[in-house]
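In: Need a 3D model of the sequence below.
(one chain, ligands or ions: 1)
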Amino acid sequence: MIQAEHLTKRYRSRLVVDDVSFVCRPGRVTGFLGPNGAGKSTTMRMLCALTTPNSGRSLVLQHPFRELRNPGRHVGVLLDASAQHGGRTGREILALSACLMSLPAARVQRVVDVVGLTAREADARTRTYSLGMRQRLGLAHALLGEPQVLILDEPVNGLDPAGIRWMRGLLRSFADAGGTVLLSSHLLHEVEAIADDLIIIGGGRILAQGSAAELTSTSGGLEELFFDLTAQHGRGQHGRGQYGREQFGREQFGREEVAS
Ligand SMILES: Nc1ncnc2c1ncn2[C@@H]1O[C@H](COP(=O)(O)OP(=O)(O)OP(=O)(O)O)[C@@H](O)[C@H]1O
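Out: Modelled structure (predicted):
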């Protein structure tokens, strides 16, 4: 279980997370969605005590993250797959963390196998890793301590289609075994395929939350719901740039104009 209660974060005078409250329940995968800059990563960092909120609090397994003893045994965190020492091998990184968590050394090979890194990949320095390999290592790291909770920021970013499918199965099995999963992603179809619950954030505020089935049943699907909710927050529908549908749409480049 993860609980966020009125989490609020300001950078100088800028409010980037605004009174955010939600619960992620065991046995369920919660998808965390929002346009670029919406506040997803900041919220996840607050859950893991890497960023201090200005107000509000969060609990993981009923405790503030900071109060968890040996947190890696309870919560698996993957916030930035590239944040690893490039001169170490994947296996060394896992072995160091296993040592810090007082885990048996055999656990390293176990998670290497689970995430599908080959022996050669596990023994290569991480500076040579592709993004997908980094994500696999990051997930191996998150799973190392056999946690009950996973907090994953864009874990499928960089995975190939087979990897995305594999990740979906892994997270589903984790939740079905009673685990709690919070994952952010920009891949709406992927989230639609895996999430039991959804939290949609825009401009630092929760725009919608609830069961995926309920939220999408009245909106014609997740993509429609997402764009409807986030359009007013600038980057939802048209992305960062200025070339939205109305600039390159039928109005300007439609068949009627081309034909004449
Ligand atoms: N350390 C920081 N100092 C100042 N501003 C920050 C800091 N970290 C994040 N921000 C700002 O907070 C806002 C929310 O950022 P955050 O990374 O949480 O968004 P996000 O939803 O994860 O975006 P993305 O989908 O692009 O990863 C952004 O405007 C960002 O510039």
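In: Can you show me the strands along this protein?
Out: 2-11, 14-24, 29-33, 55-60, 75-78, 149-153, 180-184, 197-202, 205-211 (DSSP state E).
In: buried set for the longest one?
Out: When burial is assessed from 16 or more other CB atoms under 10 Å, strand 14-24 yields the following buried residues: 16, 17, 18, 20, 22, 23, 24. Every residue, glycine included, has its C-beta placed from N, CA and C.
In: That strand pairs with which strands, and in what direction?
Out: strand 2-11 (antiparallel) (DSSP bridges).
In: touching the ligand at all, the strand it pairs with?
Out: Yes - Strand 2-11 is in contact with the ligand by CB under 6 Å from any ligand atom, via residue 11.
In: contact partners of that strand?
Out: Contact with strand 2-11 is made by 15-24, 30, 39, 42-43, 46-47, 51, 53-60, 62, 149, 151, 180, 182, 204, as judged by CB atoms under 8 Å, 6 or more residues apart in numbering.
In: Could you rerun that using 6 Å?
Out: 16-17, 19-24, 42, 46, 53-60, 182 (CB atoms under 6 Å, 6 or more residues apart in numbering).
In: Buried residues in that strand, which are they?
Out: Buried residues in strand 2-11, defined by neighbour count with 16+ other CB under 10 Å: 2, 3, 4, 7, 8, 9.
In: again, but for stretch 36-50
Out: Buried, per 16+ other CB under 10 Å, within stretch 36-50: 37-49.
In: Against residue 165, how distant is the nearest residue to residue 133 once chain neighbours are set aside?
Out: Excluding the flanking residues, the one nearest residue 133 by CB to CB, 6 or more residues apart in numbering is residue 121, at 5.9 Å. With distances taken as CB to CB, to the nearest Å, residue 121 is found 19 Å from residue 165.
In: same thing with residue 37?
Out: Distance, residue 37 to residue 165, by CB to CB: 29 Å.
In: what about the closest residue to residue 105 other than its chain neighbours, how many neighbours?
Out: Residue nearest to residue 105 in three dimensions, not counting chain neighbours: residue 98, with 6.2 Å by CB to CB, 6+ apart. Using other CB atoms under 10 Å, residue 98 is surrounded by 21 other residues.
In: could I get the lengthiest helix in the chain in CSV with only the CA atoms?
Out: Secondary structure assigned by DSSP state H gives helix 161-176 as the longest helix of the chain. C-alpha atoms of helix 161-176 as CSV (Å, rounded to 0.1, in the frame of the first residue of the first chain):
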residue,chain,number,x,y,z
PRO,A,161,8.1,-4.6,-28.0
ALA,A,162,9.1,-8.0,-26.5
GLY,A,163,10.5,-6.3,-23.5
ILE,A,164,7.3,-4.2,-23.0
ARG,A,165,5.2,-7.4,-23.2
TRP,A,166,7.6,-9.1,-20.8
MET,A,167,7.4,-6.2,-18.3
ARG,A,168,3.6,-6.2,-18.5
GLY,A,169,3.6,-9.9,-17.5
LEU,A,170,6.1,-9.4,-14.8
LEU,A,171,4.2,-6.5,-13.2
ARG,A,172,0.9,-8.4,-13.5
SER,A,173,2.3,-11.4,-11.7
PHE,A,174,3.8,-9.2,-9.0
ALA,A,175,0.5,-7.5,-8.4
ASP,A,176,-1.4,-10.8,-8.6
